[in-house]
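J.: sequence and predicted model, in that order:
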Amino acid sequence: MTESEFIAALRALPLHSGARGLNDDCAVIEIGGETLIFNHDIMAEGTHFRPEADLADVAWKLVAINLSDLASKGAEPVGVLLGHSLGGNDQRFIDGLRDVLTTCGVPLMGGDTIAATGSSTYSLTAIGRATSTPVPSRTGAQPGDSLFITGALGEAMLGFEGVDQHLDSFNRPKPRLSEGRALAPLVSAMMDVSDGLLLDAFRMAQASNVSIALETNAIPVADPERRDECMRWGDDYELLFTLPHDVKPPVPAARIGTVEQRGFAPIFVDSEPVMNSEGLGYQHG
C-alpha cells in the first residue's frame, strides 16, 4: 500500500471521535475541563536520516517534528513518550534529547526501549494542552480567507545539501510553538509544513473542501533560483494558516495566496490548476 491507501484503510476501522477522521495531524480529546492534543511521529534510518547522522541531531529532530504538530494546534506541550532502538550511539541520542527537551521546556514522561538489529527506528508521542478552543484543524479554511506562511521555505533542503548556514534548519528545526499559540484563536485553518508547501496546501484544500490559489512570487524561499524545489522539498516545519481577509497575523508571516470556492482543482499555482498530489512533495510509498 501507499501511505494514502493505508490511511484510507485505517478510516474503515473504529475511530475515536478525537481522531478527526484521520484528516489531521493530531488527535484532540476533551478530558474533564481540559482539551488535550496527542501526536505521534516516527523517524527511520535511511528514510529520515542518514546512517552516519549524529544521533544527537536525530533525537532533537524527533522531538521537534512532534512539537511542530502541537504548534499547529496552538498547544502548550505537556510531555513526551519515547520509543528508542538500542544499538546506535545511545549516549549521543541522550545528549540530543537533553538539549531539545531543555531548550523547549518539555519533560520526558516515559516510553519504551528495544534491542534491535539492522536499521534503527525512533518514535515519539507528544502530548499538549490546548490554549484556545476550538482547536485549529486543516478543515476550516473558508472562501475569502487569506493564506499565510511563517518563515522561508527550502532552508532544510539547503542544509541537507551541506550549506553551512542552513545545517540547523535540517538537523535541528525549531518548532513554532509561540507562533502557534498566538495564531490559534484567530485562524480558520492551520497545519505545519512537513512534506512540502504544495503538497500540504493541497491537503488543506482537500480537507476544507475549498480551492487554494497560490502566488509563487509571494512565497518566501531560501534560494529564489530554486523556487520550485523549495516549495516541494519539505522538512521546513513552518506554519501554514488561513485568516479572514480583514485579520492581520500577530506573528511575522507572508501572505502567499487566497482561499476560493471549491473549483475543479484543489489548488491553483499562479492560476494553473493542479488536479492531483503526485509530485507535489514527499509521500511515503
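T.: Structure received. Numbering: from 1, shown residues only.

J.: in a helix, Ala201, correct?
T.: Yes: according to DSSP: H, G, I helix; E, B strand; the rest coil, Ala201 belongs to a helix.

J.: now do the contacts for it.
T.: Leu147, Ile212, Leu214, Leu240, Gly257, Ile267 (C-beta atoms under 8 Å, 6 or more residues apart in numbering). Backbone N, C-alpha and C define where each C-beta goes, glycine included.

J.: in this structure, which spans are strands?
T.: Using DSSP state E, the strands of the chain run over 27-31, 34-44, 75-86, 108-115, 121-130, 146-149, 189-193, 211-214, 238-243, 254-260, 267-269, 272-274.

J.: about what we covered before: could I get the contacts of Ala201 as JSON lines with pLDDT and distance to Met1?
T.: As requested, the contacts of Ala201 are exported to JSON lines (pLDDT from 0 to 100; distance: C-beta to C-beta, whole Å):
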{"residue": "Leu147", "pLDDT": "98", "distance to Met1": "31"}
{"residue": "Ile212", "pLDDT": "98", "distance to Met1": "27"}
{"residue": "Leu214", "pLDDT": "98", "distance to Met1": "30"}
{"residue": "Leu240", "pLDDT": "98", "distance to Met1": "27"}
{"residue": "Gly257", "pLDDT": "98", "distance to Met1": "32"}
{"residue": "Ile267", "pLDDT": "97", "distance to Met1": "25"}
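
J.: just to revisit the earlier point, which one of the strands of the chain lies nearest to Arg176?
T.: strand 238-243 (5.0 Å; C-beta to C-beta).

J.: neighbouring strands of that closest one in the sheet, and parallel or not?
T.: Strand 238-243 pairs in its sheet with strand 146-149 (antiparallel), strand 189-193 (antiparallel), by DSSP bridges.

J.: what angle separates the longest one from strand 254-260?
T.: Strand 189-193 runs at 130 degrees relative to strand 254-260, counting by axes from the mean of the first three to the mean of the last three C-alpha atoms, to 10 degrees.

J.: which residues touch strand 189-193?
T.: When contacts are defined by C-beta under 8 Å, 6+ apart, strand 189-193 is touched by residues 24-25, 68-69, 71-74, 136-141, 145, 149, 153, 176, 180, 183-184, 200, 203-204, 207-208, 234, 236-242.

J.: domain ranges for this structure?
T.: According to automatic domain parsing, the chain comprises the domains 3-130, 146-274.

J.: endpoints of the longest one, how far apart?
T.: Separation of the first and last residues of domain 146-274 by C-alpha to C-alpha, to the nearest Å is 19 Å.

J.: distance of the residue nearest in space to the middle of the chain relative to Pro266?
T.: Centroid-nearest residue in the chain: Asp192, 3.5 Å away (criterion: C-alpha atoms, centre = their mean). To Pro266, Asp192 is 19 Å away according to C-beta to C-beta, to the nearest Å.
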